[in-house]
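Peer 1: Build me a model from this:
(one chain, ligands or ions: 1)
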Amino acid sequence: MNLPRKIIIGNWKLNDTVAEGTVLLHKIHQELKGFSTATIIVCPPATHLYPLHRELTSLKSEPKIELGAQNISDFESGAHTGEVSAIMVRDLAKYSIIGHSERRTHYGETDDQITRKVAIALEHGLQPILCVGENLQQRHDGKAHQVVLDQLNTDLADVTAAELKKVIIAYEPIWAIGTGTFAKPAEIEDMLRLIRNALVQSFGQLASTESRIVYGGSVDAENAKTILNLQGCDGVLVGGASLKPKEFATIVRATDK
Ligand code: 13P
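Peer 2: Residues are numbered from 1 along each chain as shown. Reported below is the predicted structural model:
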């Protein structure tokens with residue numbers, strides 16, 4: 001049986017103009033020339049999806065790079081100024097990050113909204129990259145497990161067992177994002193196990209093999225191999241290091257056994 005490919009996701013966040021993003025995409029492609037054994041997804045700002053989608057259609061050689069949005073609206077259309085809907089994104093991207101902690105914290109996004117976003121994404125053929133994770137206070141208070149379980153329970157409330165295999169879960173402890181301190185290997189394995197067990201409980205035994213669970217938070221060229229080799233780790237969600245083509249390529253290549 002072929003092992004499932006590891007998933008490397010670059011979250012560019014609020015960085016780079018379209019011109020800069022186009023150069024970055026080409027540099028990543030160039031650095032990884034011929035590499036074909038990982039699923040590579042980049043999530044640029046929404047304004048970049050259309051031009052980068054066009055660039056990627058013209059790049060015929062490996063690696064295949066896929067696109068994800070960083071967010072979608074919890075509405076499909078209508079009077080929602082400033083929003084971008086799943087229906088608009090689906091022709092340009094295959095995935096969307098949903099419920100990133102920066103959206104939860106800075107923009108007050110609630111689990112109810114995230115539940116709707118996950119359902120709308122799936123309905124319109126976008127694969128959600130659902131982010132969950134606790135903050136430092138919650139970890140210190142011994143509440144990390146409960147926080148993540150509560151997020152999963154609510155955010156996946158409208159997902160069926162058949163749909164679950166389209167969802168990538170990203171465990172991103174908030175205290176590890178952008179801090180240069182990645183979670184300890186034992187902490188990551190513990191949380192990945194917790195998440196997988198919770199999915200099996202809610203969705204049945206198949207979820208133990210079909211669910212795709214990745215880690216995010218200060219992943220870089222140095223720690224990528226360690227993290228990717230952890231028990232139950234299907235990939236990584238990379239912020240800062242995904243803006244540096246050589247470093248991002250090193251992370252992708254760390255998926256090689
Ligand atoms: P950093 O890799 O910069 O810590 O960001 C992680 C992240 O938030 C990815 O979504």
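
Peer 1: going forward, measure contacts between C-alpha atoms and count neighbours the same way
Peer 2: OK.

Peer 1: residue ranges of the strands in the stretch 51-200 of the chain, please?
Peer 2: Taking DSSP state E, counting those that start in this stretch, the strands of the stretch 51-200 of the chain run over residues 65-69, 95-98, 127-132, 168-171.

Peer 1: what is the rounded mean pLDDT of stretch 117-125?
Peer 2: Mean pLDDT, computed over stretch 117-125, is 98.

Peer 1: So which residues make contact with it?
Peer 2: Stretch 117-125 is contacted from outside by 72-76, 86-87, 90, 94, 96, 98, 127-128, 130, 155-156, 158-159, 163, 166, using C-alpha atoms under 8 Å, 6 or more residues apart in numbering.

Peer 1: What is the distance between it and the centre of its chain?
Peer 2: Offset of stretch 117-125 from its chain centre (C-alpha atoms, centre = their mean, to the nearest Å): 15 Å.

Peer 1: Nearest to the ligand within the stretch 1-150 of the chain, name that residue for me.
Peer 2: The ligand sits closest to N11 of the stretch 1-150 of the chain, with a gap of 5.2 Å, by C-alpha to the nearest ligand atom.

Peer 1: Show me what the lowest-mean-pLDDT helix or strand in the chain is packed up against.
Peer 2: The weakest-scoring helix or strand in the chain, judged by mean pLDDT, DSSP states H and E, is helix 207-210 (a mean of 87). Judged by 3 or more C-alpha pairs under 8 Å, 6 or more residues apart in numbering; DSSP states H and E, helix 207-210 is in contact with helix 185-203.

Peer 1: Report the angle between the helix it packs on and strand 127-132.
Peer 2: On the basis of axes from the mean of the first three to the mean of the last three C-alpha atoms, to 10 degrees, helix 185-203 is oriented at 120 degrees to strand 127-132.

Peer 1: Next, count neighbours for Q137.
Peer 2: Using other C-alpha atoms under 10 Å, the number of residues around Q137 comes to 11.

Peer 1: Tell me who's in contact with it.
Peer 2: By C-alpha under 8 Å, 6+ apart, the contact list for Q137 is empty.

Peer 1: ok, so what distance separates it from A144?
Peer 2: Applying C-alpha to C-alpha, to the nearest Å, the value for Q137 to A144 is 9 Å.

Peer 1: Please apply the same query to L59.
Peer 2: In terms of C-alpha to C-alpha, L59 sits 42 Å off from A144.

Peer 1: more crowded one of the two?
Peer 2: Neighbour comparison, L59 and A144: the larger count goes to A144, with 18 against 13 (by other C-alpha under 10 Å).
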